[in-house]
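> Need a 3D model of the following:
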Amino acid sequence: MADHNALPLVILAEKFASLPGIGMKSAQRLAYHVMSMDTEAVEDFAKALIDAKKNVHCCKCCQNLTERDICPICDDPERDRSVICVVENPKDVTAFERTREYGGVYHVLHGLLSPMDGITPDKLRVKELLARIAEGGVNEVIMATNPTVEGDATAMYIAGLLKPMGIKVTRLAFGLPVGGILEYADEVTLFKALENRNDM
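Below you'll find the model as predicted:
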């Protein structure tokens, strides 16, 4: 927590350091860079942060981030609504969309099960997924969580909920190492993982 008696530059660096993947050295570099920007550029940067926070929210259907009630993917009549690809976070949707090979829709969980960290099923967007499937018309759910302990546990948990509903549940055939992260996979690897997915 920032000490508000500290210098503004120190507080700014601490704010940057609170972001994931940014250490204190990088945070200090960013803070000094902000100081070298002109006032208008800093105000534009601050406005972009505030606008994004105010105007971007979860799609009512798939829970992906969007500025509209329904995101462009859910709103696209060309998408195959009988197949739902379940992912951990919005960045994974972007990764799949880069392949240009997947024509179904998505569901974003906004996390993975991790009881040790207090992340239980009620903290994820699982009930929203079940509600979508209960409406009918879904034939297959692709579990596209990362091949980690938490990713596998989440996939197995959701598969257990869906099987009694008569839904085909498949898991990506990962062409990446166990513990790999979808966001960093190349398009060909992701396409192969989709193409060779397995029944759960």
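> State whether Cys61 and Cys71 are indeed in contact, as I suppose.
Yes. Taking CB atoms under 8 Å as the contact criterion, Cys61 and Cys71 are neighbours in contact, 7.3 Å apart. C-beta here means a position set from N, CA and C on the backbone, and glycine is covered the same way.
> quick one: the most centrally placed residue in the chain from Ala173, how far?
Centroid-nearest residue in the chain: Asn89, 1.1 Å away (criterion: CA atoms, centre = their mean). As for Asn89, its distance to Ala173 is 21 Å (criterion: CB to CB, to the nearest Å).
> which residues touch the one helix or strand Thr154 maps to?
Here Thr154 sits within helix 149-162, counting by DSSP states H and E. Contacts to helix 149-162, defined as CB atoms under 8 Å, 6 or more residues apart in numbering, come from residues 86, 88, 109, 112-114, 121, 124, 126, 129-130, 133, 141, 143, 145, 169, 171, 200.
> so how far is it off the chain centroid?
Here the centre of mass of C-alpha atoms in helix 149-162, compared against the chain's by CA atoms, centre = their mean, to the nearest Å, lies 16 Å away.
> May I see the buried residues of it?
Applying a neighbour-count criterion of 16 or more other CB atoms under 10 Å, the buried positions in helix 149-162 are Glu150, Gly151, Asp152, Thr154, Ala155, Tyr157, Ile158, Ala159, Leu161, Leu162.
> Give me the angle between the biggest strand by length in the chain and helix 149-162.
What stands out as the longest strand in the chain, according to DSSP state E, is strand 80-87. Between the axis of strand 80-87 and that of helix 149-162 there is an angle of 140 degrees, by axes from the mean of the first three to the mean of the last three CA atoms, to 10 degrees.
> Quick one: list the elements packing against the helix or strand following strand 80-87.
Downstream of strand 80-87, the first helix or strand assigned by DSSP H and E is helix 90-99. Counting contacts by 3 or more CB pairs under 8 Å, 6 or more residues apart in numbering; DSSP states H and E, helix 90-99 packs against strand 80-87, strand 104-108, helix 187-195.
> Mind doing that once more with 6 Å?
The helices and strands touching helix 90-99, judged by 3 or more CB pairs under 6 Å, 6 or more residues apart in numbering; DSSP states H and E, are helix 187-195.
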